[in-house]
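Peer 1: sequence first, then the predicted structure, then my questions.
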Amino acid sequence: MDRLRKRRDFLAAAKAARAGVPAFLLQARDRGDAGEVRVGFTVTKKTGGSVVRNRIRRRLREVVRQVMPGRARPGFDYVLVARAEALRAPFADLVGDLERAVGRVNAPGKPKSRPKLSAIPRPESPGADAAADGGHSQ
């Protein structure tokens, strides 16, 4: 299992399938080849200082080492975006969460990606009619 290192690979995974669990968000992208599975980790400063971030990263790396060899699909990139819960959760819960998340992103029906903002219908505000006629209502 190889690591993701380039920003463009992380950005490509962010646009692909995703599955959220309490401790992290799993993003998975099919590269379209049969190459080795690659895994990346994102642990932001929002989760804590450098000691906390490194501890979370170490925990997630070990979970990936245990779960991914039997479940990851060749030619896929996986990114785990950590949440603060990844530090507090029991290790067994992290393993179960990753197993479920990998199962969801690898499912034939594909999990739903986040819709584009332009595709989301917006409700009309109560004053929309008044603004349309220049503020003059009869």
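Peer 2: Looks like it arrived, so ask away.

Peer 1: where does the chain have low pLDDT?
Peer 2: Flagging of the chain using pLDDT under 70 yields the residue ranges 109-138.

Peer 1: show me where it has helices.
Peer 2: Per DSSP state H, the chain carries helices over the ranges 7-14, 50-71, 85-88, 91-105, 128-132.

Peer 1: got TSV for those helices, with mean neighbour count and distance to R31 too?
Peer 2: The C-beta positions use only the backbone N, C-alpha and C, and glycine is treated the same way. What follows is these, written out as TSV (neighbours: other Cβ atoms under 10 Å; distance: least, Cβ to Cβ, whole Å):
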stretch	mean neighbour count	distance to R31
helix 7-14	15	8
helix 50-71	15	15
helix 85-88	17	26
helix 91-105	18	14
helix 128-132	10	45
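
Peer 1: so which of these is nearest V21?
Peer 2: Of all the helices of the chain, helix 91-105 sits nearest to V21, with 3.9 Å by Cβ to Cβ.

Peer 1: and the closest one, what other elements does it pack with?
Peer 2: strand 17-20, strand 24-30, helix 50-71, strand 76-82 (3 or more Cβ pairs under 8 Å, 6 or more residues apart in numbering; DSSP states H and E).

Peer 1: wait, which of the helices of the chain is closest to D33?
Peer 2: Closest to D33 of those, according to Cβ to Cβ: helix 7-14, at 13.1 Å.

Peer 1: got the angle for the closest one vs strand 76-82?
Peer 2: Put simply, helix 7-14 runs at 90 degrees to strand 76-82, going by axes from the mean of the first three to the mean of the last three Cα atoms, to 10 degrees.

Peer 1: can I get helix 7-14 as PDB, trimmed to CA atoms?
Peer 2: Taking Å, rounded to 0.1, in the frame of the first residue of the first chain, the C-alpha atoms of helix 7-14 are listed here in PDB:
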ATOM      1  CA  ARG A   7      -2.100  17.900  -3.600                       C
ATOM      2  CA  ARG A   8      -3.700  17.100  -6.900                       C
ATOM      3  CA  ASP A   9      -4.400  13.500  -5.800                       C
ATOM      4  CA  PHE A  10      -6.000  14.700  -2.600                       C
ATOM      5  CA  LEU A  11      -8.200  17.200  -4.600                       C
ATOM      6  CA  ALA A  12      -9.200  14.500  -7.000                       C
ATOM      7  CA  ALA A  13     -10.200  12.200  -4.200                       C
ATOM      8  CA  ALA A  14     -12.200  15.000  -2.600                       C
END
